[in-house]
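Asks: how would this look folded up:
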Amino acid sequence: MTGPGAGAVLLDLDGTLIDSERLILASYRHTMREHLGHVPSEETWKSTIGQPLVVQMKMFAETDHQVDEMIRTYVDHNLSHHDDLVRPFPGMRSVIEAVRESGVDLGIVTSKKRRSTQMGLARCGLPAEWFGVIVTADDVERYKPEPEPVLAALEALGVRAEDTMFVGDSTHDMRSGRAAGVTTAAALWGPYTRAQLEPTEPDLWLEEPGDLLAALGIIPA
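Replies: Here you go, the predicted structure:
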């Protein structure tokens with residue numbers, strides 16, 4: 001993508017489209033206490049956000065069998081407390097609506113399973129039908145930071161990498177987008193700081209959701 005505008009915009013879910021940090025951390029604490037008897041550093045866990053649960057839990061579990069048990073505990077807690085702890089980012093719905101109405105194709109690329117992805121969108125008032133493709137952990141074999149999820153979204157939308165922007169809040173998002181050849185835009189309203197994302201050298205920095213419109217050359221109504 002060169003200059004303002006884009007043919008398509010892909011977005012990560014957690015920390016980008018929806019504010020789920022409270023839920024993620026609560027489910028993490030609960031799972032670690034249940035299976036390890038203590039809670040390792042939350043910064044360690046945060047560094048894994050953006051990857052599928054199975055990848056995350058393998059970093060903490062003591063046995064392969066425990067990985068499956070920890071995933072079940074995490075998912076049960078996550079689903080039970082989802083709507084109480086997930087909330088929309090202020091202004092996000094109007095930004096996504098404006099991008100959609102401008103004619104730019106929209107897609108989601110997330111490491112979440114499809115069920116929880118749909119729950120998050122519903123909780124935050126973002127209709128799934130607004131997005132021409134939703135690539136989840138159920139749809140690929142090689143997850144972010146590999147390029148496969150982004151490439152799958154490009155293929156489904158029928159758009160070129162050079163005409164596409166990928167907005168995400170984690171280093172995994174930025175590396176996945178870079179490997180796929182799209183323009184990468186770092187969302188600084190998520191849990192990660194500019195200093196944490198700088199090593200991935202994003203093409204664009206977005207301080208707040210509304211900055212996406214300026215990056216695309218869209219004038220709000």
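
Asks: Which positions in stretch 150-159 come out as buried?
Replies: For stretch 150-159, burial by neighbour count (16 or more other CB atoms under 10 Å) applies to 150, 151, 152, 153, 154, 157, 159. For the C-beta atoms, the positions are set from N, CA and C on the backbone; glycine is no exception.

Asks: Please identify which helix or strand holds residue 185.
Replies: Per DSSP states H and E: residue 185 is located in strand 183-187.

Asks: Check which helices and strands the next helix or strand after that strand is in contact with.
Replies: Using DSSP H and E, the helix or strand that follows strand 183-187 in sequence is helix 194-197. When contacts are defined as 3 or more CB pairs under 8 Å, 6 or more residues apart in numbering; DSSP states H and E, helix 194-197 sits against helix 171-180.

Asks: partners of the strand holding residue 185 in the sheet?
Replies: Applying DSSP bridges to the sheet, strand 183-187 is found paired with strand 164-168 (parallel), strand 204-206 (parallel).

Asks: what number of residues lie near residue 60?
Replies: 18 (other CB atoms under 10 Å).

Asks: Now do it, the pLDDT please.
Replies: On the pLDDT scale, residue 60 is placed at 93.

Asks: mind listing what it touches?
Replies: 32, 36, 40, 70 (CB atoms under 8 Å, 6 or more residues apart in numbering).

Asks: Among those residues, name the ones in helices.
Replies: Using DSSP state H, the members of the contacts of residue 60 that fall in helices are 32, 70.

Asks: Select from the contacts of residue 60 the entry with the lowest predicted confidence.
Replies: For the contacts of residue 60, the pLDDT minimum is residue 40, 92.
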